[in-house]
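Novice: Provided below for reference: sequence and predicted model.
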Amino acid sequence: MTHIKASNSRDTNLALLNGEPVQRWPCFSGLINVTVPGLESVGLRFSEVHTDPQKMAHASASTYRMFGFESAVAPLDMCVEAGLLGAQVDLREDANSAEFPRIAAPLAASSAELVVDIPIGIRHSTRVSTVIEAIRILTSDVGEKIVVGGCVPGPFTLACLLIVQDNLVMETRTDPDSVGRVLDLLTDLLLEVAFAYRDAGADFITVHEMGGSPGFIGPPAFEQLVLPRLHRLLGALPQPRVLSVCGNTNRSMQLLSQSGADALSVDHTNDLAHSRDTLGADAVLLGNLDPVATLSKGDEPSVRGSVADAIASGADAIWPGCDLLPQVPAANMHALVDEAHRHQRE
């Protein structure tokens, strides 16, 4: 196989996401990847970066500038779209440590009760316009060197922020029509947001379907309710498109491959070698380091060992299996990037 010789990290990573062979194992992510050491290096607290485009851009680029991590992603929380629909977003301003924003309370107890009123002028709404401007700043600032990504939740994940989650999961069996109605409307919203991020200059979009993973709701519910909406969402977006799913997805890789994504990101509970055997050599698989036990709480040898294991198991790029915990130690981030860059493809 002839490998492409890319001139920089951006070229390499875009080539990989487009299914082209590359010379090495990139180390990047399409998910949230800010760290407390990086935030401190630019004089920021995590709670203040979500409402200011300059601060968001500086925070997002800090992981590249401090560790050589090969991407910058916005937004830096998963609550943008839920806030658009009226949910109250708690930015965790009073938290003693860096914490991800969260939804203060669901909007409805069930999918049948949820009223989805997609607002007009989404691109001009406060949170979306902030992310759009942050992506523009990132594109100008670091976009010639690394990939800039935009991230949106999957439709079921977004529904989990709006509806009592246990009820929503139960309704996949008891009231799938109501769940499907909600997912269709949320898919419409996510399309508008994702297109806005691409138009702002994002090189790729990651759809982070955490709550709707077949590892969580089961393959039958995923195939019936989530997969058709993911296929519509991903199929409408320009390439490259990444689908990120959490949980044990070993039995569902063929289903995930039907989503329309150009690359699949899986977490540490996925048997990556089995997934590679299932999908074949041409699939682009990203993963699958444990962001908690390994990256945040592990030591440098365990990080390096996990990188080597991911490569041996068939990963095309080294990705954390989910969002980075901001508390990841600087030494582990240095080990992550250094170990990935030590390996060259034959």
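Specialist: Nice, I can see it. From a predicted model like this one, the values you see are computed outputs, not experimental measurements.
Novice: CA only for contacts and neighbour counts going forward, please
Specialist: OK.
Novice: all strands of the stretch 51-200 of the chain, in order?
Specialist: Assigned strands in the stretch 51-200 of the chain, in chain order: 71-74, 89-90, 102-103, 147-153 (criterion: DSSP state E, counting those that start in this stretch).
Novice: Which stretch among those strands is buried most, on average?
Specialist: Of all these, strand 71-74 has the most neighbours on average by mean count of other C-alpha atoms under 10 Å, namely a mean of 31.
Novice: Counting by contacts, list what that strand packs against.
Specialist: Strand 71-74 sits against helix 53-67, helix 126-141, strand 147-153, with contacts defined as 3 or more C-alpha pairs under 8 Å, 6 or more residues apart in numbering; DSSP states H and E.
Novice: any low-confidence regions in the stretch 201-346 of the chain?
Specialist: Confidence mapping of the stretch 201-346 of the chain against pLDDT under 70 gives the ranges 346.
Novice: swap that for the stretch 1-150 of the chain, please
Specialist: Ranges of the stretch 1-150 of the chain meeting pLDDT under 70: 1-7.
Novice: From Ala109, how far out is Leu230?
Specialist: Distance of Leu230 to Ala109, computed by C-alpha to C-alpha, to the nearest Å: 24 Å.
Novice: What of Val182?
Specialist: As judged by C-alpha to C-alpha, Val182 and Ala109 stand 13 Å apart.
Novice: Which one's more surrounded, the two?
Specialist: Counting neighbours by other C-alpha atoms under 10 Å for Val182 and for Ala109 shows that Val182 has the greater number, 21 against 15.
Novice: And the nearest residue to that one once chain neighbours are set aside, its phi and psi?
Specialist: The spatial neighbour of Val182 that comes closest, neighbours along the chain excluded (C-alpha to C-alpha, 6 or more residues apart in numbering), is Ser111 at 6.5 Å. Note on Ser111: backbone dihedrals following degrees, to the nearest 10 are phi -70, psi -30.
Novice: Who are the contact partners of Ser111?
Specialist: Neighbouring residues of Ser111 by C-alpha atoms under 8 Å, 6 or more residues apart in numbering: Ile163, Leu168, Glu171, Ser178, Val179, Val182.
Novice: neighbour-wise, which of those residues leads?
Specialist: Counting by other C-alpha under 10 Å, top hit in the contacts of Ser111: Leu168 with 25 neighbours.
Novice: how about that one, what does it touch?
Specialist: Per C-alpha under 8 Å, 6+ apart, neighbours of Leu168: Ser110, Ser111, Ala159, Cys160, Val179.
Novice: Tell me if I'm right that the first one and Met170 touch.
Specialist: No: with contact taken as C-alpha atoms under 8 Å, Ser110 and Met170 are classed as non-touching, separated by 9.6 Å.
Novice: With neighbour numbers in mind, choose between those two.
Specialist: Counted by other C-alpha under 10 Å, Ser110 and Met170 do not tie: Ser110 has more neighbours, with 22 against 13.
Novice: OK, contacts around that one?
Specialist: Going by C-alpha under 8 Å, 6+ apart, Ser110 touches Ile163, Val164, Asn167, Leu168, Glu171.
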